[in-house]
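**Q** got a structure for you, letters missing:
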């Protein structure tokens with residue numbers, strides 16, 4: 001999983017680099033495939049392994065691109081994006097750099113190809129008469145993004161995009177420290193008023209992250225709607241800017257433990273999941289009373 005979090009990998013190279021025995025490797029693949037953490041593809045005559053846990057959109061396209069172009073440039077591009085989440089695509093195309101890191105023409109074209117093929121799905125946000133696209137690392141798979149986490153992730157990307165707009169594409173007053181802006185919003189519940197707030201943050205109003213409060217003239221103040229989802233989205237946005245990681249979106253705890261336990265534990269998790277799929281049988285009154293007494297005995 002550590003090897004696959006940045007890019008798909010050739011099966012033979014993965015076996016060689018980890019030094020794992022083939023029977024053990026096959027067992028890991030079986031467990032990973034069953035849990036939708038690993039998936040093996042045949043692309044351009046090669047066996048490529050990728051992780052749906054880290055990459056959810058057009059995984060086959062990413063695998064084919066890895067087999068065609070090699071994984072080095074893909075890893076470089078995704079690594080630079082991770083260090084500079086939410087960078088405007090227009091600036092990358094114009095300057096051939098991302099966060100001060102120069103890109104080769106091949107890497108820039110690769111980044112655009114990743115976007116056009118839906119492997120990266122950068123959000124596009126309208127600001128008055130302009131529409132900007134902001135680049136993020138690939139969206140994680142369903143193990144991390146259930147319906148609730150998906151909404152939190154979308155709001156976090158919007159928060160990052162809006163402060164990146166003020167940092168890199170400001171009309172008049174440039175944001176020097178985008179992380180500090182979000183930390184202020186988290187700690188105080190609002191951002192100081194300015195003349196660009198109505199344009200910069202109106203998309204967050206649409207997503208119900210907050211509201212705009214008119215102060216005077218053309219100046220507005222963005223105020224956070226303090227819901228559990230918005231606070232989680234704000235924490236995630238800060239994490240994306242500081243570390244590039246989605247540290248506040250956790251995987252299913254059973255799955256996390258299962259990856260570090262032996263086969264007996266894993267089989268108990270699988271058996272439990274299978275039992276939950278079966279039709280439940282209603283207990284009669286006597287059995288229900290006995291079950292209740294049993295539970296109370298362990299409290």
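**A** Looks like it came in fine. Please read all numbers here as calculations on a predicted model, not as lab measurements.

**Q** now stretch 92-100, how far from the chain's geometric center?
**A** On the basis of Cα atoms, centre = their mean, to the nearest Å, stretch 92-100 sits 22 Å off its chain's mean C-alpha point.

**Q** longest helix anywhere in the protein?
**A** Scanning the chain for the longest helix, with DSSP state H as the assignment, gives helix 147-168.

**Q** give the next helix or strand downstream of that one.
**A** The helix or strand immediately downstream of helix 147-168 is helix 178-188, counting by DSSP states H and E.

**Q** what is the mean pLDDT for the next helix or strand after that following helix?
**A** Moving toward the C-terminus from helix 178-188, the next helix or strand (DSSP H and E) is strand 190-194. In this model, strand 190-194 has a mean pLDDT of 92.

**Q** likewise for stretch 10-19?
**A** 91.

**Q** which residues touch it?
**A** Contacts with stretch 10-19, where a contact means Cβ atoms under 8 Å, 6 or more residues apart in numbering, come from 3-4, 22, 25, 40, 46-49, 71. C-beta: built from backbone N, CA, C; applies to glycine.

**Q** and the protein, what are its domains?
**A** Annotated domains of the chain cover 1-69, 70-246 [automatic domain parsing].

**Q** may I see these organised as TSV, with mean neighbour count added?
**A** Below are the domains of the chain laid out as TSV (neighbours: other Cβ atoms under 10 Å):
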stretch	mean neighbour count
domain 1-69	16
domain 70-246	18
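
**Q** circling back to that earlier point, need the worst-confidence member of the contacts of stretch 10-19.
**A** When those are sorted by pLDDT, the bottom entry is residue 71 at 74.

**Q** just to check, it is in contact with residue 4?
**A** No: between residue 71 and residue 4 there is no contact under Cβ atoms under 8 Å: 10.4 Å.

**Q** shared neighbours of those two, which are they?
**A** By Cβ under 8 Å, 6+ apart, no residue touches both residue 71 and residue 4.

**Q** which of the contacts of stretch 10-19 lies closest to residue 180?
**A** Lowest distance from residue 180 to those (Cβ to Cβ) belongs to residue 4, with 34.2 Å.

**Q** any idea how far residue 104 is from the closest one?
**A** Applying Cβ to Cβ, to the nearest Å, the value for residue 4 to residue 104 is 24 Å.

**Q** show the model's pLDDT score for residue 104.
**A** According to the prediction, residue 104 has pLDDT 91.

**Q** who's in contact with it?
**A** Contact analysis of residue 104 by Cβ under 8 Å, 6+ apart lists residue 73.

**Q** before we move on, the earlier item: what sits up against the longest helix of the chain?
**A** 85-88, 91, 123, 125, 127, 132, 134, 136, 139-140, 145, 173-176, 178, 181-182, 196, 200-201, 203-204, 207, 209, 229-230, 232-234, 236-237, 240-241, 246, 249.

**Q** let's see 7 Å
**A** 85-88, 91, 123, 125, 127, 132, 134, 136, 145, 174-175, 178, 181-182, 196, 200-201, 203-204, 207, 209, 229-230, 232-234, 236-237, 240-241, 249 (Cβ atoms under 7 Å, 6 or more residues apart in numbering).
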